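> Just a sequence and a predicted model for now, questions to come.
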Amino acid sequence: MLCGWAGIGSVGLAAIGTLRRLVRASEFGRIEPYEYFEPSRVVIRNGLISRMWFPNTTFYSHSLPDRDLLLLVGEQQPTDDRKAYKMANEVLDVAQRVGCRRIYTSAASVTTIHHRVKPRVWAVPNSPDLLAEVRRYGNTILMSEAENAAETRGTTDESDEDTRSFISAGSGGGSISGLNGILLGAAKNRGIEAICLMGEVPYYLQAAPWPYPKASISVLEVLSRLLRMPLDLCELHEMAEKVDRNIEQVLEALANTEELPEQVRTEMERLKQGRRPDLGPITDGEKHEIMEHIDELFRDEAENGS
């Protein structure tokens, strides 16, 4: 089973949604949304209100020569932890009913990379038996073995659904917020192997109002090798180029902002080098100042319809 929910940069949602379209997977069921979500809008047809809109959580199936795939595409995550845990167990009920042996979830890892750098995939398995296997994945780093935990920055905001697929790490450990983490723990309790694959997203883009397809591409490249199934990712690469151009425009506008603090300019120049090692100490106050300016700019861009 391959799961992707909405989150930072739409990394998981875009990865599994793209995979679903490429293999032309067939829908076979949905999780009823009424226990988990409130309606966010109404749908109007022919001038009349036809129904209320709830986020979809949809199962798809596809058969390969050597295995069957289940794909789960979730347009939103429950913001309540109890509801998220209940949904995770409902997903696992389906997995066990069809004899699923392995689950992959897909999400974002917010790190200090530059957007010009190819994102790596951070991996977290729910069993020590999977560690050796994960070490063989290309362009992948085990979160527990990250050489420099300082590469991962930021905090989760549990009130914001879009930040619930965020990874935070310490020395040799860490945590994953939202369904991507909860599902791994619930699967472990049931004896089901599970691995979370998280594509890197630059921390200065975690509040951006657009997807980050580069991270989704990195996740899909790993899945393509694991499934021994070539994937045509031209659509995502084209989207990534458009997003990169948009990012460059925004950062250019940000760099020209006279009020931008000098330490922010310095940090952005360091990130431009695309180096993997620790980019130097940055205080919580400096990080807050950086994110405050970037968040404000992104809000202005979104309000202006840019």
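It's in.
> Just the CA trace of stretch 191-209, in PDB.
Taking C-alpha atoms only, stretch 191-209 is exported to PDB below (Å, rounded to 0.1, in the frame of the first residue of the first chain):
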ATOM      1  CA  GLY A 191       2.900  -6.300  13.000                       C
ATOM      2  CA  ILE A 192       2.700  -4.700   9.500                       C
ATOM      3  CA  GLU A 193       5.900  -3.400   7.900                       C
ATOM      4  CA  ALA A 194       5.800   0.300   7.100                       C
ATOM      5  CA  ILE A 195       8.200   3.000   5.900                       C
ATOM      6  CA  CYS A 196       7.800   6.700   5.600                       C
ATOM      7  CA  LEU A 197       9.600   8.400   2.600                       C
ATOM      8  CA  MET A 198       9.900  12.100   2.900                       C
ATOM      9  CA  GLY A 199      11.200  14.300   0.100                       C
ATOM     10  CA  GLU A 200      13.300  17.300   1.200                       C
ATOM     11  CA  VAL A 201      11.700  20.800   1.000                       C
ATOM     12  CA  PRO A 202      13.600  24.000   1.600                       C
ATOM     13  CA  TYR A 203      12.600  25.300   5.000                       C
ATOM     14  CA  TYR A 204      12.000  28.800   3.600                       C
ATOM     15  CA  LEU A 205       9.300  27.300   1.300                       C
ATOM     16  CA  GLN A 206       7.300  25.500   3.900                       C
ATOM     17  CA  ALA A 207       4.700  28.200   3.900                       C
ATOM     18  CA  ALA A 208       4.600  28.700   0.200                       C
ATOM     19  CA  PRO A 209       1.200  28.500  -1.500                       C
END
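> Show the average pLDDT along the helix or strand that contains residue 59.
Here residue 59 sits within strand 57-63, counting by DSSP states H and E. Averaged across strand 57-63, pLDDT comes to 97.
> One more: stretch 142-149?
Averaging pLDDT along stretch 142-149 gives 67.
> and if you look at stretch 246-257?
So the average pLDDT for stretch 246-257 ends up being 79.
> Can you give the distance of it from its chain's centre?
Chain-centre distance of stretch 246-257: 24 Å, with Cα atoms, centre = their mean, to the nearest Å.
> Stretch 92-108 now?
Distance, stretch centre to chain centre, for stretch 92-108: 17 Å (Cα atoms, centre = their mean).
> do stretch 66-79 as well
13 Å.
> so how far is the first residue of it from its last?
37 Å (Cα to Cα, to the nearest Å).
> Check which helices and strands the lengthiest helix in the chain sits against.
Once the chain is assigned using DSSP state H, the helix that runs over the most residues is helix 234-255. Judged by 3 or more Cβ pairs under 8 Å, 6 or more residues apart in numbering; DSSP states H and E, the packing partners of helix 234-255 are helix 11-23, helix 213-227, helix 262-272, helix 284-303. Using the backbone N, CA and C atoms, a C-beta is placed for each residue, glycine as well.
> sorry, back to before: need the contact partners of the following helix or strand past the strand holding residue 59.
Downstream of strand 57-63, the first helix or strand assigned by DSSP H and E is strand 68-74. With contacts defined as Cβ atoms under 8 Å, 6 or more residues apart in numbering, strand 68-74 is touched by 1-6, 13, 16-17, 19-20, 23, 25, 55-63, 91, 94-95, 98, 100, 179, 227.
> Stretch 28-46 now?
Against stretch 28-46 from outside (Cβ under 8 Å, 6+ apart): 49-61, 76, 78, 83, 86-87, 90-91, 94.
> Could I have the CA atoms of that stretch written out in CSV?
Output of stretch 28-46 as CSV, limited to C-alpha atoms (Å, rounded to 0.1, in the frame of the first residue of the first chain):
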residue,chain,number,x,y,z
PHE,A,28,-12.3,0.6,-5.3
GLY,A,29,-13.4,2.4,-2.2
ARG,A,30,-13.5,5.6,0.0
ILE,A,31,-13.4,6.4,3.6
GLU,A,32,-16.6,8.2,4.6
PRO,A,33,-15.5,11.7,5.5
TYR,A,34,-18.3,12.7,7.9
GLU,A,35,-16.5,11.4,11.1
TYR,A,36,-13.3,13.1,10.2
PHE,A,37,-14.0,16.4,8.5
GLU,A,38,-16.3,19.4,8.5
PRO,A,39,-17.6,20.6,5.1
SER,A,40,-15.5,23.5,3.8
ARG,A,41,-17.8,24.7,1.0
VAL,A,42,-21.0,23.9,-1.0
VAL,A,43,-21.1,22.8,-4.7
ILE,A,44,-23.4,24.7,-7.0
ARG,A,45,-24.8,23.3,-10.2
ASN,A,46,-27.2,25.0,-12.6
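> Sweet, I'm off.
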